[in-house]
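Participant: coordinates only, sequence not included:
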């Protein structure tokens, strides 16, 4: 009985978050990330560099006493590094219990995108960066690239890029 | 739903372990005395009753059944007070039961089904109870017949003259009791006695042959008594003054007194202590850590730089800082746990082993109130157990041998703990045969564990060989020890909490093994060094010295490795900026600084740009996502709120 209620409650909870995406920009593109992953958004913080890390892991920051790693999404997508400014934000996400900060050019807004407006990405374009795109959301004439969080922080990917980095 | 069951289970496991520990202590104490006192009987009865109740609630019927049979036994002891009971048989039975329940509960802890069978044990207990009931005398005597009582009387407020009434009561009491002591003592002479009695009650301690009920009735028949608290007390506290200072106020109706007093006694031991989930403490400490940093951010805020008159602000900021420092200390203190719990466990091991090996051994415990961090305590139990076993098995001789050597027949093991600086020293000393240097040397040579000539080795170095894996000087492997793995386990456990093991021995005179353990793992003294734009922290206790080298002191070997001569010893140099590939302008050695770090016998020179300062740091684990980085043991927050990495000296040496 209690279990059933809990389920119901969880469903409700998920429902309010379902179809909502936090959108941000990296370069010219606009990306979306499912709101359920997002813990908070903070301005850019002083970053402590950590040795022996892939380039896109910028280091660690102090999030009110908690130390979390930060990833530069630009570098993760193999785009050129850009200096951080006032618009630069860190989106703190919690993916499968791992807290990590994503450094993005700027955060835009929270949008609702209905399932009908979400389509799979075209299979042909495997341009760097787009392998992290799970699907594409349409808002009027605009297009939001919805990120696959698991892939974004996925361990295999880390290794792959690591090897690549060494090769380069 | 699952959650609630789980937390119930946690509580059950925790409480049961706690009760078993109490029980074990009570039993061991009784066994030492050779008799089970009324108090112990009550305690054991109560504990068994609790275990029975909670086990039955959790549907662990075997445990409940066993507890029930023990309860029956003690119920009989309590009610019938058989004059002649073999206390050792009882102790054995109870200890066996404790072991059984412990094992079952450990199974629960590891998510296994408690499937042990206690039938034999229950039968034994029931059988013994039958023997008792048949009233067959069987040996030692227990149960004090004369009992000591303590009564606190409050007289009716309206009549005054408390002193006289108190005096009358004492006079009457003399008919049924003796060894009467009371407080205040000078009831007749003193003017203030009346006031004192009115406020705090009149306390009497006496010995009587009468039962609790009879004494209670006696007091109720006395005149003008408004309320009474009557209790039976243990033999060991004859000092009334002490008793009175412990509890100051009580107010209850006479007919409820017994019940309330019982409750009071039960709760008194628990009320002062609560158990808290360690995770909560960790997050509390995190919060305090943040507070320390945010305080620094506020009081050193750059916006304040231009303001001239900050007197009031500074005053307030100082006060603020002081409170935060105190808070930090308190939080640290909360995590500290006295060593008593694990020291007491050793009593049991000594008892069991000395019985099995037929050696007489006495364990002396000193400084059990010494406190260490909760995390560390968990790593101490196994090593101590090993050491005690070693001491009894290898160290202490049999009584005959001891007597022939002119030693007392009873072997003695001293377990001592003390604070010294930032460390805790735990020393285990026995007066057994000691270590045989020649034998150790021979064994070590055979196993190829030595690479120095005999005469170059100091005594300590030789003794330290027994800590190496695979070296046992015992010729035969016994049930308890002799396989040569034990000491290795000890060393591993102790070094995992940052401690060291030191062995000393006098051949024929005994061995002493000292464990040096840091007070806490969570906070360490760190030295901050700069490398390029990054700062790193080196644990201060591993730093031997630091100095600015001259260019010509550096020696290069053909492979390009750098070394430096310091007072005749040659150390390898590790440039942190090269190791971690950090861009820096400080490349030439005389511009930077050399820090010599040391671990056990190895040393290494770290080259950094400069020393920035010292700080107490709260050690945190690296985020899981980053995995393991060579030479980094964790991270922390600096005073300015930045995260910083802690260097792992051992890791750097291995690389």
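Facilitator: Nice, thanks for sending it over. None of the values given here were measured: they were computed from a predicted structure.
Participant: Residues of the stretch 151-300 of chain B that sit close to chain A?
Facilitator: B:286, B:287, B:289, B:290, B:293 (C-beta under 8 Å from any C-beta of the partner chain). Just so you know, the C-beta spots here come from the backbone N, C-alpha and C atoms, and that holds for glycine as well.
Participant: what about the third one, how many residues close to it?
Facilitator: Read it as residue B:289. Close neighbours of residue B:289, defined as other C-beta atoms under 10 Å in any protein chain shown, add up to 21.
Participant: excluding its backbone neighbours, what's nearest it?
Facilitator: residue B:618 (4.8 Å; C-beta to C-beta, 6 or more residues apart in numbering or on different chains).
Participant: can you check the first one too?
Facilitator: Setting aside the residues directly before and after it, residue B:286 is nearest to residue A:65 in space (C-beta to C-beta, 6+ apart), at 4.7 Å.
Participant: The host helix or strand of residue A:67: what's the following helix or strand?
Facilitator: Using DSSP states H and E, residue A:67 falls within strand A:66-72. Under the assignment DSSP H and E, the closest C-terminal helix or strand after strand A:66-72 is helix A:73-76.
Participant: How about the helix or strand that that next one is followed by and chain B, any contact?
Facilitator: Note on helix A:73-76: by DSSP H and E, the next helix or strand toward the C-terminus is strand A:89-95. No - using C-beta under 8 Å from any C-beta, strand A:89-95 never reaches chain B; the gap is at least 9.4 Å.
Participant: Run through the residues that contact the residue in the stretch 451-600 of chain B that chain A sits nearest to.
Facilitator: As assessed by C-beta to the nearest C-beta, chain A sits closest to residue B:580 within the stretch 451-600 of chain B, at 3.6 Å. By C-beta atoms under 8 Å, 6 or more residues apart in numbering or on different chains, residue B:580 lies in contact with A:51, A:52, B:531, B:534, B:631.
Participant: Pick out the most distant pair among those residues.
Facilitator: Using C-beta to C-beta, the two most remote members of the contacts of residue B:580 are A:52 and B:531, lying 14.1 Å apart.
Participant: Between the two, which is the more surrounded one?
Facilitator: Between residue A:52 and residue B:531, counted using other C-beta under 10 Å, residue B:531 has the larger neighbour count: 24 against 16.
Participant: mind listing what that one touches?
Facilitator: Per C-beta under 8 Å, 6+ apart, neighbours of residue B:531: B:576, B:577, B:580, B:582, B:584, B:608, B:609.
Participant: residues near the second one, how many?
Facilitator: Residue neighbour count, defined by other C-beta under 10 Å, stands at 19 for residue B:577.
Participant: tell me which element it is part of?
Facilitator: Using DSSP H and E, residue B:577 falls in helix B:576-579.
Participant: So for that helix, what gets flagged as buried?
Facilitator: Neighbour-count burial for helix B:576-579 flags B:576, B:577, B:579 (criterion: 16 or more other C-beta atoms under 10 Å in any protein chain shown).
Participant: and the following helix or strand past it, what other elements does it pack with?
Facilitator: Later in the chain than helix B:576-579, the nearest helix or strand by DSSP H and E is strand B:593-599. Strand B:593-599 sits against strand B:523-531, strand B:543-547, strand B:602-608, strand B:610-618, helix B:649-654, with contacts defined as 3 or more C-beta pairs under 8 Å, 6 or more residues apart in numbering or on different chains; DSSP states H and E.
Participant: Reformat these as CSV; add mean pLDDT.
Facilitator: Below are the helices and strands packed on strand B:593-599 laid out as CSV (pLDDT from 0 to 100):
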stretch, mean pLDDT
strand B:523-531, 85
strand B:543-547, 89
strand B:602-608, 89
strand B:610-618, 82
helix B:649-654, 79
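Participant: if I pick residue A:112, what's in contact with it?
Facilitator: So residue A:112 contacts A:19, A:20, A:21 (C-beta under 8 Å, 6+ apart).
Participant: let's see 6 Å
Facilitator: A:19, A:20 (C-beta atoms under 6 Å, 6 or more residues apart in numbering or on different chains).
Participant: again, but for residue A:18
Facilitator: No residues are in contact with residue A:18 under the rule C-beta under 6 Å, 6+ apart.
Participant: switch to 10 Å and redo it
Facilitator: Taking C-beta atoms under 10 Å, 6 or more residues apart in numbering or on different chains, we find residue A:18 in contact with A:11, A:34, A:35, A:36, A:112, A:114, A:115.
Participant: still on that earlier bit, could you let me know which of the contacts of residue B:531 ends up closest to residue B:623?
Facilitator: Of all those, residue B:580 has the smallest distance to residue B:623: 17.9 Å, by C-beta to C-beta.
Participant: Now do the phi/psi pair for that closest one.
Facilitator: The phi/psi pair for residue B:580 (degrees, to the nearest 10) reads phi -100, psi 0.
Participant: Residue B:125 too?
Facilitator: Residue torsions, per degrees, to the nearest 10, at residue B:125 are phi -60, psi -50.
Participant: Can you tell me the closest non-neighbouring residue to it?
Facilitator: residue B:69 (4.4 Å).
Participant: what sits against that neighbour?
Facilitator: B:48, B:52, B:93, B:97, B:118, B:121-126, B:128-129.
Participant: Filter the residues you listed down to the buried ones.
Facilitator: B:48, B:52, B:93, B:97, B:118, B:121, B:122, B:124, B:125, B:128, B:129.
Participant: can you give me the strands for the stretch 401-550 of chain B?
Facilitator: Applying DSSP state E, counting those that start in this stretch to the stretch 401-550 of chain B gives strands spanning B:411-420, B:423-430, B:500-506, B:510-518, B:523-531, B:534-539, B:543-547.
Participant: Mind listing the strands the fourth one pairs with, and their directions?
Facilitator: The reference is to strand B:510-518. strand B:423-430 (antiparallel), strand B:500-506 (antiparallel) (DSSP bridges).
Participant: Please point out which parts of it sit buried.
Facilitator: For strand B:510-518, burial by neighbour count (16+ other C-beta under 10 Å) applies to B:510, B:511, B:512, B:513, B:514, B:515, B:516, B:517, B:518.
Participant: quick check: angle from that strand to strand B:411-420?
Facilitator: 30 degrees (axes from the mean of the first three to the mean of the last three C-alpha atoms, to 10 degrees).
Participant: quick one: average confidence on strand B:510-518?
Facilitator: Taken as a whole, strand B:510-518 has an average pLDDT of 85.
Participant: The third one too?
Facilitator: The average pLDDT within strand B:500-506 is 84.
Participant: which non-adjacent residue is nearest residue 17?
Facilitator: Assuming you mean chain A. Computed as C-beta to C-beta, 6+ apart, the closest residue to residue A:17 that is not its neighbour in sequence is residue A:36, at 4.7 Å.
Participant: You answered for a different chain; I wanted chain B.
Facilitator: residue B:105 (6.4 Å).
Participant: chain center to the helix or strand containing the one you found: distance?
Facilitator: If you go by DSSP H and E, residue B:105 is part of helix B:87-109. Put simply, helix B:87-109 sits 22 Å off its chain's centre (C-alpha atoms, centre = their mean, to the nearest Å).
Participant: Stretch B:324-335 too?
Facilitator: For stretch B:324-335, the distance to the chain centre is 19 Å (C-alpha atoms, centre = their mean).
Participant: in that stretch, what's buried?
Facilitator: B:324, B:328, B:331, B:332, B:335.
Participant: so the last one touches residue B:328, yeah?
Facilitator: Looking back up the chat, that one is residue B:335. No - look at residue B:335 against residue B:328 with C-beta atoms under 10 Å: they stay out of range, at 11.6 Å.
Participant: check contacts around residue 74.
Facilitator: Just so you know, I chose chain A. Neighbours of residue A:74 in contact, by C-beta under 10 Å, 6+ apart: A:26, A:27, A:56, A:80, A:81, A:82, A:88, A:103, A:104, A:105, A:129.
Participant: meant chain B actually
Facilitator: B:36, B:40-49, B:90, B:94, B:129.
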